[in-house]
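Q: show me the folded form of this:
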Amino acid sequence: MPVFFSFVTKRIYSKKPGGVQIPLKKTGHTRKALRVGPLLNKTNFMKKAKIAMLASAVALLSSCSLTLPVNATSNTVGSKVGRAKATGYLGVLFFNQDASIRQAARNGGISKISTVDIKCTSILNIVVTYETIVTGE
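A: Next comes the predicted model:
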């Protein structure tokens with residue numbers, strides 16, 4: 001049967017399975033000798049801390065990438081591919097970068113556009129990258 005120490009009433013209690021606390025006689029235990037639940041147990045705390053740090057690292061290093069079709073024309077799909085990329089920080093600071101369809105067509109040397117896709121990559125909305133992908137002749 002577990003023994004607990006109440007700091008409010010300074011008494012030693014024994015808990016029954018039903019949750020009823022029964023006061024015990026003084027047994028000579030000091031505060032240092034008593035263990036108050038699993039929270040003060042160093043081994044359990046270290047395990048929980050390691051799990052929390054691992055979960056935080058996974059969340060920070062994870063990213064989301066999504067490619068969406070934007071437009072398609074009746075032109076034949078060519079072998080040329082043009083890309084234009086803009087990277088932003090904190091979701092709003094892009095520092096005058098150009099990820100337009102026109103810039104992607106220029107970068108690929110495309111005069112007749114057949115398809116346009118946009119790829120968005122986000123790392124916890126701290127670093128966001130938009131990439132326009134244009135195919136054509």
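Q: can you give me the helices for this structure?
A: 42-61, 101-108 (DSSP state H).
Q: in the chain, which helix or strand is least confident?
A: Sorting the helices and strands of the chain by mean pLDDT, DSSP states H and E puts strand 3-6 at the bottom, at a mean of 47.
Q: close enough to count as contact, Ile123 and Ser65?
A: No - checked against CB atoms under 8 Å, the pair Ile123 and Ser65 is beyond contact range at 9.8 Å. (Each C-beta comes from the backbone N, C-alpha and C, glycine too.)
Q: who has more neighbours out of those two?
A: Using other CB atoms under 10 Å, the more surrounded residue of Ile123 and Ser65 is Ile123, with 14 against 11.
Q: with adjacent residues omitted, what lies nearest to the more buried one?
A: Distances taken as CB to CB, 6 or more residues apart in numbering place Ser63 nearest to Ile123, at 4.4 Å, with adjacent residues excluded.
Q: what is the neighbour count of that neighbour?
A: For Ser63, the neighbour count with other CB under 10 Å is 13.
Q: quick one, what contacts the closest residue to Val77 other than its chain neighbours?
A: In space, and not counting its chain neighbours, Val77 is closest to Ser114: 4.7 Å by CB to CB, 6+ apart. Neighbouring residues of Ser114 by CB atoms under 8 Å, 6 or more residues apart in numbering: Ala72, Thr73, Asn75, Thr76, Val77, Gly78, Thr135, Gly136, Glu137.
Q: name the nearest of these relative to Thr43.
A: Thr135 (58.0 Å; CB to CB).
Q: hey, which of the helices of the chain is tucked in deepest?
A: Mean neighbour count (mean count of other CB atoms under 10 Å) peaks for helix 101-108 among the helices of the chain, with a mean of 18.
Q: average pLDDT across it?
A: Summarised as a single mean, pLDDT over helix 101-108 is 96.
Q: check which helices and strands it is in contact with.
A: strand 80-89, strand 113-123, strand 127-136 (3 or more CB pairs under 8 Å, 6 or more residues apart in numbering; DSSP states H and E).
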